[in-house]
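S.K.: With the input below, show me the fold.
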Amino acid sequence: MKDFNWKKTIIFPDSTIKDAIKILNRSGKKILLFLDKNLSLIGTISDGDIRRGLLNGVSLNSKIDKVVNKNPTTVLPNKDATFIYDLMIKLEVDQIPEVNEKGICTGLYLKDIKEAHKELENTLIIMAGGKGKRLFPRTKDCPKPLLEVKNKPIILHTIENAKRNGIYKFIISLNYLGHKIEDFLQNGEKYGVEISYLKEKSPLGTAGSLSLIKNIPKSPLIVINGDLISNINFHEILKFHNKTDSSATMAIKVIENQNPFGVVKIKGTDIVGFEEKPIERSYVNAGIYVINSECLNFLNKSEYIDMPYLFEKLKDKNKKISAYLLNESWIDIGKEDDFLNANK
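M.R.: I've put the predicted structure just below:
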């Protein structure tokens with residue numbers, strides 16, 4: 001229960017939000033310990049704190065004090081493990097720092113790993129039917145999900161991360177060179193999972209093949225594009241989806257681009273101000289979704305439809321649709337440059 005690698009979660013005051021995300025991903029934890037040079041605890045930073053900060057306009061280059069929780073619950077050294085576990089349950093938290101009487105951080109307690117990664121009853125649907133035209137000629141004889149990144153097919157990265165999150169049931173939607181994907185994965189037995197297939201007679205977009213599911217699971221469906229690699233924590237996006245009582249949740253990624261020029265602000269012909277190389281922020285669809293089963297009623301069988309249009313349909317029907325900000329690593333392999341960068 002006590003984390004012996006807790007020092008990997010330490011972050012210091014001169015760090016940025018971008019630094020914090022890197023440390024979170026590297027440590028595999030959901031919390032950072034914000035310490036001063038004497039190792040005194042200033043506060044904690046969770047992935048949720050960062051997510052809320054970014055949605056409220058905090059920049060990736062901002063200092064981490066913009067999102068720190070300066071009043072975290074802590075425990076003294078040598079506290080009984082049962083007491084700490086009960087405290088976690090009561091407060092609905094997964095981590096509690098250990099701090100001595102002088103305010104020095106001396107450790108970190110985590111919930112049991114097995115409980116945090118218990119098996120999920122949800123099914124993961126992988127959209128693997130695209131032609132991958134922008135990656136021709138690589139995809140001339142090989143479907144994009146079977147292209148290798150770091151000596152492993154893209155789709156296998158997705159399956160392995162899902163297994164780490166307790167997901168063992170998969171449905172894979174096929175079209176272009178789909179037989180090669182099916183020949184490679186088969187029924188999933190050799191990977192310790194259960195795989196079935198949806199076979200599109202013609203391309204149906206990123207949502208249309210959901211209309212082909214015969215036995216619709218009662219639990220929310222998780223859908224992911226077959227051309228991306230992410231270490232997303234599926235437990236967390238499901239928790240967010242259920243807590244917000246959403247009909248459909250879309251994972252989004254923040255993208256920041258710095259304008260290389262100084263911007264002149266004008267009113268008519270009058271100069272009213274200047275902004276030196278401003279950072280422009282946008283949120284992009286990360287290609288990962290959680291959808292309640294009843295949402296499939298808004299699809300027409302075998303009709304082409306992309307996921308954003310399904311979300312628009314749901315919104316028009318006054319269904320709640322939500323955005324979940326993805327902090328974990330995420331690579332969309334859509335173009336040749338993306339493929340080459342992913343293999344560096």
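
S.K.: Point out where the stretch 201-344 of the chain drops to low pLDDT.
M.R.: Scanning the stretch 201-344 of the chain for pLDDT under 70 picks out no residues.

S.K.: Let me know the pLDDT of Cys142.
M.R.: The model reports Cys142 with a pLDDT of 94.

S.K.: Would you check that Gly205 makes contact with Tyr304?
M.R.: Yes. With contact defined as Cβ atoms under 8 Å, Gly205 counts as touching Tyr304 (4.8 Å). In this view, the C-beta of every residue, glycine as well, is placed from N, C-alpha and C.

S.K.: what about the two, which has more around it?
M.R.: Between Gly205 and Tyr304, counted using other Cβ atoms under 10 Å, the more crowded position is Gly205 (19 against 15).

S.K.: what about the closest residue in space to that one that isn't next to it in sequence, how many residues close to it?
M.R.: Nearest residue to Gly205 in three dimensions, chain neighbours excluded: Asp306, at 4.3 Å (Cβ to Cβ, 6 or more residues apart in numbering). Applying other Cβ under 10 Å, we find 14 residues neighbouring Asp306.

S.K.: and Asp306, how far is that from Gly28?
M.R.: Relative to Gly28, Asp306 is positioned 33 Å away (Cβ to Cβ, to the nearest Å).

S.K.: Likewise for Tyr85?
M.R.: 20 Å.

S.K.: of the two, who's got more company?
M.R.: Tyr85 (16 against 12).

S.K.: Go through this protein and flag its longest strand.
M.R.: Secondary structure of the chain read by DSSP state E shows that its longest strand is strand 279-291.

S.K.: Show me which positions of it end up buried.
M.R.: Asn285, Ala286, Gly287, Ile288, Tyr289, Val290, Ile291 (16 or more other Cβ atoms under 10 Å).

S.K.: next one: stretch 102-111
M.R.: Buried, per 16+ other Cβ under 10 Å, within stretch 102-111: Cys105, Gly107, Leu108, Tyr109, Leu110, Lys111.

S.K.: Now do the contacts for Ser230.
M.R.: Thr158, Asn161, Ile224, Ala286, Ile288, Leu326, Glu328, Ser329, Trp330, Ile331 (Cβ atoms under 8 Å, 6 or more residues apart in numbering).

S.K.: For burial, what's the neighbour tally of the second one?
M.R.: So the one you mean is Asn161. Asn161: 20 neighbours (other Cβ under 10 Å).

S.K.: Contact partners for the nearest residue to it once chain neighbours are set aside?
M.R.: Leaving aside its sequence neighbours, Asn161 sits nearest to Asn231 (Cβ to Cβ, 6+ apart; 5.6 Å). Listed by Cβ under 8 Å, 6+ apart, the contact set of Asn231 reads Asn25, Asn161, Glu328, Ser329.

S.K.: Report the buried members of those residues.
M.R.: Asn161, Glu328.

S.K.: now, which of the contacts of Asn231 sits nearest Lys37?
M.R.: For those, the closest approach to Lys37 (Cβ to Cβ) belongs to Asn25, at 24.5 Å.

S.K.: In this structure that closest one contacts Ser329, no?
M.R.: Yes. At 5.3 Å, Asn25 and Ser329 qualify as touching, with contact defined as Cβ under 8 Å.

S.K.: Stretch 29-40: which residues count as buried?
M.R.: Lys29, Lys30, Ile31, Leu32, Leu33, Phe34, Leu35, Leu39.

S.K.: can you tell me how far the last one sits from Thr106?
M.R.: When you say that, I think you mean Leu39. 8 Å.

S.K.: Ile64 now?
M.R.: For Ile64, the distance to Thr106 - Cβ to Cβ - is 21 Å.

S.K.: OK, contacts around Leu314?
M.R.: Counting by Cβ under 8 Å, 6+ apart, Leu314 has contacts Ser247, Ala248, Cys295, Phe298, Ile321.

S.K.: How many residues are close by the last one?
M.R.: Taking other Cβ under 10 Å as the neighbour definition, Ile321 ends up with a count of 19.

S.K.: on that earlier part again, tabulate the contacts of Asn231 (TSV), appending secondary structure and distance to Tyr197.
M.R.: Conversion of those to TSV gives the following (DSSP: H, G, I helix; E, B strand; the rest coil; distance: Cβ to Cβ, whole Å):
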residue	secondary structure	distance to Tyr197
Asn25	helix	32
Asn161	helix	20
Glu328	coil	27
Ser329	coil	28
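
S.K.: Show me which of the contacts of Asn231 is closest to Lys317.
M.R.: Checking the contacts of Asn231 one by one against Lys317 (Cβ to Cβ), the nearest turns out to be Glu328, at 30.8 Å.

S.K.: Quick check: phi and psi at the closest one.
M.R.: With angles defined as degrees, to the nearest 10, Glu328 sits at phi -70, psi 170.

S.K.: Greatest separation within the contacts of Asn231: which pair is it?
M.R.: Pairwise over the contacts of Asn231, using Cβ to Cβ, the maximum falls at Asn25 and Asn161, 12.4 Å.

S.K.: The stretch 51-200 of the chain: helices as residue ranges?
M.R.: Applying DSSP state H, counting those that start in this stretch to the stretch 51-200 of the chain gives helices spanning 81-91, 113-116, 154-164, 178-185.
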